[in-house]
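A.B. asks: Could you work out the structure for the sequence below:
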Amino acid sequence: MDWDDFRVFLAVARSESLSGAGRILKCDAATVGRRIMRLEDQASAKLFLKSPQGYTLTDSGARLVPHAEAVEQTMARAAEELSGTTGQLSGQLRIGAPDGIANYLLPQVCKTLSDRHPGLEIQIVALPRVFNLSKREADMAISVSRPTAGRLTVQKLADYHLHLAAHREYLAAHPPISTKADLKQHRMVGYIADMIFDKGLDYQAETGVEAVTLSSNSVAVQMQMLRAGAGVGIVHDFALPFVPELVRILPHQVAISRSFWLLRHADDRRSERLSRVADILGHALRAELSRLEASLPPI
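C.D. replies: Prediction:
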């Protein structure tokens, strides 16, 4: 067996399809299929079961994964030694995240990662849903609720804060807001109730107003509604510096705290590379979060 066969094997195991592995390896699915057949012949074992859902590891395939990953890490370290980039991280890294953190925190965090490790190819997948790490939709994902099920490694990244906010011009043109009861006289901007994919994103009950007049499953769209002077909504404090025309409202009566959690597949805890990325990502995210929240006027 040679390293290149292990590389093909890991790509199929992680993407669970020949076409997905082909995209990773930059070759066609037929070539990937032939390489897997060759590896299975050499190993005298069936490594994958094919089904309508894709390619699933057999028991033999699952036993091969840690050995293939050990070879992968050894080859990566050898490449670093030869190129004189020991300690540098490289390769593709895909991070799944809700669009709030993806829009307002991760771009700066990924710049920090890229500056320190220019060999990294970083991809941010910003979708309003939970990511399936078992299907390798991402190398790691950020969640606003701590999962209670699944084979995951969970690491708390940071706490963050949210408040009600509205455009200065909207507030000047509408009745004053001095109590939560006053909110009933205003248009509320928020999430589409039946599309909230994570309970940590359900803020509406904390405002005391059940009806949402303008809604979206995207934080970025909600922010644009508020920026247009459409109404009042819950906003991440770390997003406010990007929209200085928004003003916090009732900061002592409606103050929401949540946490970001970094999720990885349990099998990846053996990956020194991903563990290093997770540590750097956590430090950079906490620093950027503190910088943005500290830049706001005091409450």
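
A.B. asks: So, low pLDDT: which residues of the stretch 51-200 of the chain?
C.D. replies: 73, 76-88, 128-137 (pLDDT under 70).

A.B. asks: Tell me where it has strands.
C.D. replies: Counting by DSSP state E, counting those that start in this stretch, the stretch 51-200 of the chain has these strands, from start to end: 54-57, 90-97, 119-126, 140-143, 152-167, 188-190.

A.B. asks: got those as CSV, with mean neighbour count and distance to residue 272 columns?
C.D. replies: Bear in mind the C-beta positions are built from the backbone N, C-alpha and C, glycine included. Formatted as CSV, the strands of the stretch 51-200 of the chain follow (neighbours: other CB atoms under 10 Å; distance: least, CB to CB, whole Å):
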stretch, mean neighbour count, distance to residue 272
strand 54-57, 17, 22
strand 90-97, 18, 13
strand 119-126, 15, 15
strand 140-143, 22, 14
strand 152-167, 19, 14
strand 188-190, 23, 42
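
A.B. asks: what separates residue 154 from residue 265, distance-wise?
C.D. replies: Distance of residue 154 to residue 265, given as CB to CB, to the nearest Å: 11 Å.

A.B. asks: now the helices: where do they sit in the stretch 1-150 of the chain?
C.D. replies: Secondary structure of the stretch 1-150 of the chain, counting by DSSP state H, counting those that start in this stretch: helices at 3-15, 18-25, 29-43, 59-83, 99-104, 106-116.

A.B. asks: what's the closest of those helices to residue 237?
C.D. replies: helix 99-104 (10.0 Å; CB to CB).

A.B. asks: Packing partners of the closest one?
C.D. replies: strand 119-126, helix 219-227 (3 or more CB pairs under 8 Å, 6 or more residues apart in numbering; DSSP states H and E).

A.B. asks: by how many degrees do the helix or strand just after the longest one and strand 152-167 diverge?
C.D. replies: So that's helix 219-227. Using DSSP states H and E, the helix or strand that follows helix 219-227 towards the C-terminus is strand 232-236. Relative orientation of strand 232-236 versus strand 152-167 (axes from the mean of the first three to the mean of the last three CA atoms, to 10 degrees): 140 degrees.

A.B. asks: May I have the strands that pair with strand 232-236, each with its orientation?
C.D. replies: strand 152-167 (antiparallel), strand 188-190 (parallel) (DSSP bridges).

A.B. asks: Mind putting the helices of the stretch 1-150 of the chain into a markdown table with mean neighbour count and distance to residue 256?
C.D. replies: As requested, the helices of the stretch 1-150 of the chain are exported to a markdown table (neighbours: other CB under 10 Å; distance: least, CB to CB, whole Å):
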| stretch | mean neighbour count | distance to residue 256 |
| --- | --- | --- |
| helix 3-15 | 20 | 36 |
| helix 18-25 | 19 | 38 |
| helix 29-43 | 16 | 47 |
| helix 59-83 | 14 | 40 |
| helix 99-104 | 22 | 13 |
| helix 106-116 | 16 | 21 |
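
A.B. asks: Need these in JSON lines (columns: distance to residue 258).
C.D. replies: What follows is these, written out as JSON lines (distance: least, CB to CB, whole Å):
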{"stretch": "helix 3-15", "distance to residue 258": "30"}
{"stretch": "helix 18-25", "distance to residue 258": "33"}
{"stretch": "helix 29-43", "distance to residue 258": "41"}
{"stretch": "helix 59-83", "distance to residue 258": "34"}
{"stretch": "helix 99-104", "distance to residue 258": "10"}
{"stretch": "helix 106-116", "distance to residue 258": "16"}
